[in-house]
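In: structure, please.
(3 chains)
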Amino acid sequence: MATYLIRRLLIAIPSLLGISVILFTILALAPGDPFSEMATNPNVPPEVREALRASFGLNDPIMVRYLRWLSNMAQGDWGFSFASRINVDDLILQRVPTTLFVVGSSQILALCIALPVGIYAATRPYSIFDQIANTLAFVGFSLPTFFTGLLFILIFSVTLDWFPFVYRSDVAATGWRWYWEMFRQAIMPIMVLGLFQAASYTRYVRSAVLDVIRLDYVTTARAKGLSERKVTLRHITRNALIPVVTLVALQMPAVFGGAIVTEQIFRIPGIGSLLIDAILANDTPVIMAVTFVFSCLVVMFNLIADLLYGWLDPRISFG
Amino acid sequence: MAGSTLASPSANPAGGAAAAAASVSPARETWRRFRRHKLAMASTVVLGLLVLGVIIGPWIWRVAINDIDFAAQLQGPSWAHPFGTDDLGQDILARMMYGGRISLAVGLAAMIVATTVGVIIGALAGMSRKIVDPVLMWVTDLFLSLPQLPLLLLVIYLFREQLKAVFGVEGGVFVLIVVVIGGLRWMPVARLVRAQFLSLREKEFVEAARAHGATKMRQMFNHILPNALGPVIVAATIEVSSAIIAESTLSFLGLGFPPDIPTWGRLLFDAKDQLDTAPHWALFPGAAIFLTVLSINFIGDGLRDALDPRRVI
Amino acid sequence: MTSPILTVSNLTTSFRVEGQWKSVVRNISFDIKPKETLAVVGESGSGKSVTALSIMRLTPPQSSKIEGSIKLNGKELLTLPDADMRHIRGNEIAMIFQEPMTSLNPVLTIGFQIAEALILHRGLSRSEAEAETIRLLEKVRIPAAKSRFHEYPHRFSGGMRQRVMIAMALACKPKLLIADEPTTALDVTIQAQTLELIKTLQEEEGMSVLFITHDMGVVAEIADRTVVMYNGDEVETGATEDIFRSPKKPYTKALISAVPRLGSMIGKERPMRFPVVDRNTGESDVPVEVPDTVKAAERPVLEVAGLTTRFEIRGGLLSAVKGRVHAVENVSFSLMAGETLALVGESGCGKSTTGRSVMRLIEPLAGSVLLDGVDVLKLSQHDLREQRKRMQMIFQDPFASLNPRMNVGTAVAEPLLINNLASRSEARDKVADLLKRVGLQPEMANRFPHEFSGGQRQRICIARALAVEPRLIVADEAVSALDVSVKAQVVNLMLDLQARMGLGYLFISHDMAVVERVSHRVAVMYLGEIVEIGPRESIFQNPQHPYTKRLLAAVPIADPARRLQKRPVSNDEIKSPVRPADYVPPVRQYREVSPGHAVMIWGEEWERKDPAAIAA
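Out: Numbering: from 1, shown residues only, chains lettered A, B, ... in the order given. Predicted structure coming up:
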């Protein structure tokens, strides 16, 4: 198990490096130049511009620039936000917990719905329950998050006035009341994101269980005289979870994409809305850093998935 | 084998099948199975109507998309404006039909890009027996762990101005969005194709073809590719709906098409601040996206059932 | 008379297929007495497995229905509430399945899977259950049972997994054991061990056994009474001796006569066709020896010398070579035109790899393969394609060897078109001719593979192989997957074609009884090497190498009169040809027993084997 863990970690490093290369290449290929504004400004003499460029290292070969950028990133020097006037790493550290809270809660919600529904539906294929669950799952993942978000606001905020539709980090309350307010305003974004994921996960769970259910060892378990409940919980679920873990890990980029949209709709101060704000403000260092943080989060979740995978499947650790 | 006995109790009578008079080709068998999927059939009709609507609709509903009428701001549905009007009094139905063309075209074009790239990379990896396969698969896995939406936003942010200069406003954004969405979504197809190739190339019928002296190209195009196509078609179908969602998301964030090109996502973006006063503005384009995506997904599901020979319906 | 343990009367099981009920088993009746072994035998699709599942009520509840009556000790099972039925399953009736590789849950330890039944039915505590499980594992002769309790199934070989399944089935001392093709997926020596184990345990536990199988040899070996099924119907029931000696129904006669019987070829010089029995009348023709087809005077079609194929196993961080599969190791033989050389051996012995290496579907490491004097291994890709016209291959699974998206005519015509042997219109006539030659109708050319039965598909594959008029055909387990009566027909076809076209066959098979029937010469392979090669008669009547002896002794003989005495159950597993990276294969010496019969001189690792197996 330990060697497996180390191997997965070692595989994650080249992935991160690869991602950083892609990001840097995109940035280097981009036509814009932080000094383009100065180029058109006749008040700045060409010599001064050149000196400035040299001092920022923009005339160095691309490899050198990449390595310097990489070492700065590794040292936590992520640059300075033009728009917010603070260091990018501070800015991101402020915002990451909120995003993780929303994404984490929505994933838990999604799994809490998908696992029981998917398993129950698959053990009764083509029953009424299965058909309804299946149709709802299709509806669920065909409803884009931005539309569900608006629908929720329309129904629960505008019409029913149950929840606030703007997320505030400075809730004016203390103690239990503060928790209650935080919870209340988090419900809608978590529901939007969680229900969307729950729909796809339900499909995964259902088809994984259907694949497992017709295998010989399930018949063996039944032939042993185990009750359906025990057969399902002990013999089917763990095996079915193995492919589901992989699929859920593959969904991670989409999950964070959904988080950006949700944060934008509900004005949640996470790194997703930070990204949009930075793009609208042309704040390049923040855009680069947030994109890279998202990549790291995806890689991290993949790592967790790998560990789960190794824990679920005894064949892996020996492979 | 007990399991398989349960799954297909019908697959037995030896020799009986060949006695049947009419021959059933795999294509016809697929169509027969597809028709059994009622939701997929209904979705085909719905999608057909939607496509027809956005293609020939503008010839029937002859209202200009930028007809500004301040007298009719934010009106609900009426006979004059079946889907209501927006804050400038523009007719939402006309705008939706126009935007729908773009949304659907983006979906189709991005699917073609993604599928083409995916099939090529997957086939290369699947046919190679040397270093090409692990390298391509590493790149594929790398791309799979890229956060797509942030990257999409980043690329569009950086390259939009340049492409606008080359292809014009509409064309530039269209090319950019199609290439970027397609370029970030080929990985599932590549993985699928590779897996299919890996399993098919070890199948006896490919070995038999090799034993007859079939060249590598012939093995690939006559034997492997046709049998690998089923899952690829399903994936490509789903890809259309994902691309439509991706485009709508970009437009919804205000970073896709500009305001004068009212794609469905863009309409939602414009509508979201008037949700309390003019909900119809958001509901109609949202419903259009939802219906399109839902029907494409159901069609994909129907195709999956129809093309998967293991499945006994 | 003792009253039966199990009485099945008028059992009819139906499945709902596309909205319609379709009966798969109709009006089956039989009973099993205490300590008796009843075999249900039939070809694929005969409904024998469904019969077994119906007794356990394990058919899918929503899409199947079971009618009739099944009584266990007088208690009706079909009307029992689900909870009570669960108490019967695993407790009073236990079941083992065909595929040991898939019938154990891969994510649970084998100990847990056995203990589960003990805790459930016998109410043991966890520690009691563990102790009892270890006792059971010892009982089924699993070495080092205690340490293997906590291991997962993937660490066990197929034979060992089947023992685990048997241990699980015996856990609660059932009155009846249902064994659904328990040895079909196993190699012949492991099959012998497993059958022996079942027999021994049956005596020790005093239980009855319902044995489902398609293999008449196994039936003869194990069953007291036999039920013959065909297409969902019960054809004939009776004492096993009677079924074999004087079958009453035409179908049973056809089945019995199609069964290859080891030892039936004593004194015959050349291969023999199987008798053809009319399924409706039961009348049989008298098979004759085939004419002498071997062109002994000519240069051999195929001369293989020093053929070696290894596969590297890589692992670890830097993908270093950790070991090698020595699949084929220094193999040499030759084959005349019109001759059949059988390559026999158990899984992992390298017989299939040898066939594929000869075809150069796998690139061998060393050696030479001369086809009519041309070394196939030295040819460029282009010349190889040219040369492949002279040798063709038929595979085990006829369904997998036909492209499902290509109709039969196109498939058979493909080799003609690839090699520019015919224009499109000529090819059409040629295809019609080829289909006729293998006993199919030319009109079938427009159909697709899924519309044919297994035997017909194998005929199509043969037609396709014949299209280029080859000199040599490598038949890799070509009849192994076919039902016994179909197998007999395809073997007859191959013999006819050999006589007509002077084909040389490299006949790769694990089925010793079929090999005895069809081959002129036999090579026995073990761990990648030929341990013994010679004329068929010498190998079968005068085997020298201990492995050949063990292999022949393990073959179940389809003759109840010759039911073997009980042998001690050995625990030998089939050894793996995986060797460490630095392994250097030893130099082998061969000794000539009689003209053409050579045997590898074996080391003392063979001498220490249990004497019974060698003496047998």
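In: what's the spacing between the residue of the stretch 151-300 of chain C found nearest chain A and residue C:111?
Out: The minimum distance from the stretch 151-300 of chain C to chain A, using CB to the nearest CB, falls at residue C:152 (4.4 Å). For glycine as for every other residue, the C-beta is placed from the backbone atoms N, C-alpha and C. Distance of residue C:152 to residue C:111, computed by CB to CB, to the nearest Å: 10 Å.
In: shouldn't residue C:575 be within a helix?
Out: No. Residue C:575 sits outside any helix when classified using DSSP: H, G, I helix; E, B strand; the rest coil, being coil.
In: how about it, what does it touch?
Out: When contacts are counted by CB atoms under 8 Å, 6 or more residues apart in numbering or on different chains, residue C:575 is found next to C:348, C:527.
In: contacting residues for residue C:418?
Out: By CB under 8 Å, 6+ apart, the neighbours of residue C:418 are B:212-214, B:218.
In: just for chain A, where's the confidence low?
Out: Within chain A, the segments meeting pLDDT under 70 span A:1-2, A:30-45, A:48-49, A:51-59, A:82-83, A:165, A:169, A:171, A:316-319.
In: quick one, phi/psi of the residue nearest the centre of it?
Out: Taking CA atoms, centre = their mean, the centroid of chain A lies closest to residue A:256, which sits 2.8 Å from it. Torsion angles at residue A:256 (phi, psi; degrees, to the nearest 10) stand at phi -70, psi -30.
In: wouldn't it be in contact with residue A:102 here?
Out: No. Assessed by CB atoms under 8 Å, residue A:256 is found out of contact with residue A:102, at 10.6 Å.
In: chain B contacts on the stretch 51-200 of chain C?
Out: For the stretch 51-200 of chain C, the residues in contact with chain B (CB under 8 Å from any CB of the partner chain) are C:53, C:58-60, C:64, C:97-99, C:102-103, C:180-181.
In: and the buried ones among these, selectable in PyMOL?
Out: Those of these that count as buried under 16 or more other CB atoms under 10 Å in any protein chain shown are selected in PyMOL with:
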select buried, chain C and resi 53+58+59+64+97+98+99+102+103+180+181
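In: dump the residues of the stretch 51-200 of chain C next to chain B to JSON lines, plus secondary structure, distance to residue A:97 and pLDDT.
Out: Converted to JSON lines, these look like this (DSSP: H, G, I helix; E, B strand; the rest coil; distance: CB to CB, whole Å; pLDDT from 0 to 100):
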{"residue": "C:53", "secondary structure": "helix", "distance to residue A:97": "55", "pLDDT": "91"}
{"residue": "C:58", "secondary structure": "coil", "distance to residue A:97": "52", "pLDDT": "89"}
{"residue": "C:59", "secondary structure": "coil", "distance to residue A:97": "54", "pLDDT": "88"}
{"residue": "C:60", "secondary structure": "coil", "distance to residue A:97": "49", "pLDDT": "84"}
{"residue": "C:64", "secondary structure": "strand", "distance to residue A:97": "55", "pLDDT": "88"}
{"residue": "C:97", "secondary structure": "coil", "distance to residue A:97": "52", "pLDDT": "88"}
{"residue": "C:98", "secondary structure": "coil", "distance to residue A:97": "55", "pLDDT": "85"}
{"residue": "C:99", "secondary structure": "coil", "distance to residue A:97": "51", "pLDDT": "84"}
{"residue": "C:102", "secondary structure": "coil", "distance to residue A:97": "46", "pLDDT": "86"}
{"residue": "C:103", "secondary structure": "coil", "distance to residue A:97": "49", "pLDDT": "90"}
{"residue": "C:180", "secondary structure": "strand", "distance to residue A:97": "57", "pLDDT": "91"}
{"residue": "C:181", "secondary structure": "coil", "distance to residue A:97": "59", "pLDDT": "89"}
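In: near chain A, which of the residues of the stretch 51-200 of chain C next to chain B show up?
Out: Among these, chain A is touched by C:53, C:58, C:97, C:99, C:102-103 when using CB under 8 Å from any CB.
In: now, which of those sits nearest residue B:236?
Out: residue C:102 (32.8 Å; CB to CB).
In: so how far is residue C:26 from that closest one?
Out: In terms of CB to CB, residue C:102 sits 29 Å off from residue C:26.
In: please apply the same query to residue A:61.
Out: Residue A:61 is 82 Å from residue C:26, by CB to CB.
In: so these two - more neighbours on which side?
Out: Shown here are residue A:61 and residue C:26; by other CB atoms under 10 Å in any protein chain shown, residue C:26 has more neighbours (18 against 8).
In: can you report phi and psi for that one?
Out: Backbone torsions for residue C:26, taken as degrees, to the nearest 10, come to phi -130, psi 120.
In: got it, and residue C:246?
Out: Residue torsions, per degrees, to the nearest 10, at residue C:246 are phi -140, psi 80.
In: that older thread, okay if I get the residues of the stretch 51-200 of chain C next to chain B as JSON lines plus distance to residue C:421?
Out: Conversion of those to JSON lines gives the following (distance: CB to CB, whole Å):
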{"residue": "C:53", "distance to residue C:421": "50"}
{"residue": "C:58", "distance to residue C:421": "53"}
{"residue": "C:59", "distance to residue C:421": "51"}
{"residue": "C:60", "distance to residue C:421": "51"}
{"residue": "C:64", "distance to residue C:421": "51"}
{"residue": "C:97", "distance to residue C:421": "47"}
{"residue": "C:98", "distance to residue C:421": "43"}
{"residue": "C:99", "distance to residue C:421": "42"}
{"residue": "C:102", "distance to residue C:421": "44"}
{"residue": "C:103", "distance to residue C:421": "48"}
{"residue": "C:180", "distance to residue C:421": "47"}
{"residue": "C:181", "distance to residue C:421": "43"}
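In: contact residues of the stretch 151-300 of chain B facing chain A?
Out: Close to chain A, as judged by CB under 8 Å from any CB, the stretch 151-300 of chain B has residues B:151, B:153-155, B:157-159, B:161-162, B:188, B:241, B:245, B:248-249, B:252-255, B:265, B:268, B:271-272, B:275-276, B:279, B:282-283, B:286, B:289-290, B:293-294, B:297-298.
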